[in-house]
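Peer 1: Would you be able to build a 3D model of this:
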Amino acid sequence: MPAGFQVWATGEWQNAKDILTSDYFARWEKAHTSKEVISIFSENELKTSEVFKTSEVSNVAFRFKASDVPDFAFAASDHYNWDANSVVVDDKTGRRTFVSAAYNTASTDYPQVAKIAADGIRMMSTWLPGYPFPYPVMTVFNGDDGMEYPMMCNDVSTAPRSPMGLTLHEISHTYFPFMMGINEQDHAWMDEGWAAFFDYLLSDSLSNHTEGGVRDYSSIAGTENDVPPMVKSRNLSTAYRNASYQRPSQAYFTLLDLLGYEKFHQCMTEYMNRWKGKHPAPFDFFQTWNNASGQNLDWFWKPWFFDWGYPDLGIQGVVNDEAANCQVILVERKGNIPIPLHLVVEYSDGSKETFHQTAAVWRDGKQNLRISCAEGKK
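Peer 2: Okay, here's the model as predicted:
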């Protein structure tokens, strides 16, 4: 590169000591073990200070080393700010990931990004998916898109909105497709569906329920754009986004509710251990989760991923059960895609009661469900 530019890339930077002057190299080294965000350099320092040893050299070689990656990316700037910190991703070994944000001064949301990225990677490693982050580096570069690469993201500024959702979405792709080797051209729901699942739950948790949003499926369900995800992604046009993001992420939310966190996490880690780097296809996913869960989930996979249709429940009415001295709510399964039942009942005395059943209540093909309310209440 010409002198005066910094390069960020897939992999670990090998020759930082040859390029950065001592003060800035010391910051870079410190950030590798620092939980707090450290400014490696600012735009102002690039203009007024001796950041690089190589200011008089016409061309500068930046060297990076990476393993177990299916692709690589790089980015460069002569005026971007660089923040960095690190986070423990494996409590057993103490292994850390070096996390950076490189950004334009005009991007007012980006001073938050390095911390959001590190906190998100920690949560990915310990909660969802609950598997140690596989790479030693992650750089979120302030580009004009929202796109993932091994150890890098190209993320637009979202100001004045929080950058949390976009940051976590793109970083979560480290697992799917990169670590696993998913074929996104054929089966985008095997990685974009998971990223949509992660970005909501991780953002919701990290922000104390102030950030994160579930993608709208209800307005698309059952329309001509609601194409089953098993149709190859390369063959879709207007139906692509719903088949890749909305519908599969809703399936994964339903699956988490169905299995409960412990069983869900067990299935996830077994899937990753069996198939990372081996390019799993849909039936590898379905059969691994069937096996790891100890149950045949084909009744769930088929409607959510193979069938045309929609999810819908309805209340048929309320009847009296004289023998039990209670009222019974009759719930009808109107759509073919199985979803949980979540019912809030308000009684005539002003009290409320909540009933929740997972999608498992529809496992055997039943079309109706009876919910018995509190004894003696209407």
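
Peer 1: where's residue 289, which helix or strand?
Peer 2: helix 282-293 (DSSP states H and E).

Peer 1: List the buried residues in that helix.
Peer 2: Of the residues in helix 282-293, those buried by neighbour count under the rule 16 or more other C-beta atoms under 10 Å are 282, 284-286, 288-290, 292-293. Just so you know, the C-beta spots here come from the backbone N, C-alpha and C atoms, and that holds for glycine as well.

Peer 1: possible to save the residues you listed as TSV with distance to residue 37 and pLDDT?
Peer 2: Shown next, in TSV, are the buried residues of helix 282-293 (distance: C-beta to C-beta, whole Å; pLDDT from 0 to 100):
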residue	distance to residue 37	pLDDT
282	40	98
284	39	98
285	37	98
286	41	98
288	38	98
289	38	98
290	43	98
292	38	98
293	40	98
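
Peer 1: what does the strand or helix carrying residue 98 rub up against?
Peer 2: Using DSSP H and E, residue 98 falls within strand 95-103. Contact partners of strand 95-103, identified using C-beta atoms under 8 Å, 6 or more residues apart in numbering, comprise 6, 8, 12, 31-33, 40, 75, 77, 80-89, 110-111, 113-114, 117-118, 121, 132-133, 135-142, 157.

Peer 1: Give me the buried entries from these.
Peer 2: By 16+ other C-beta under 10 Å, these give 6, 8, 12, 31-32, 40, 75, 77, 80-89, 110-111, 113-114, 117-118, 121, 132-133, 135-142, 157 as buried.

Peer 1: any chance you could map the strands in the stretch 101-250 of the chain?
Peer 2: 137-142, 146-149, 152-155 (DSSP state E, counting those that start in this stretch).

Peer 1: ok, now the stretch 251-378 of the chain?
Peer 2: 313-321, 326-333, 341-346, 352-357, 368-372.

Peer 1: Ranking those strands by mean neighbour count, which comes first?
Peer 2: strand 326-333 (a mean of 17; mean count of other C-beta atoms under 10 Å).

Peer 1: That strand to strand 352-357, inter-axis angle?
Peer 2: With axes from the mean of the first three to the mean of the last three C-alpha atoms, to 10 degrees defining the directions, strand 326-333 sits at 40 degrees from strand 352-357.

Peer 1: sorry, back to before: so how far is the strand holding residue 98 off the chain centroid?
Peer 2: Mean C-alpha position of strand 95-103 versus that of the full chain (C-alpha atoms, centre = their mean, to the nearest Å) differs by 18 Å.

Peer 1: and what of stretch 327-336?
Peer 2: With C-alpha atoms, centre = their mean, you get 33 Å for stretch 327-336.

Peer 1: Thanks a lot, see you next time.
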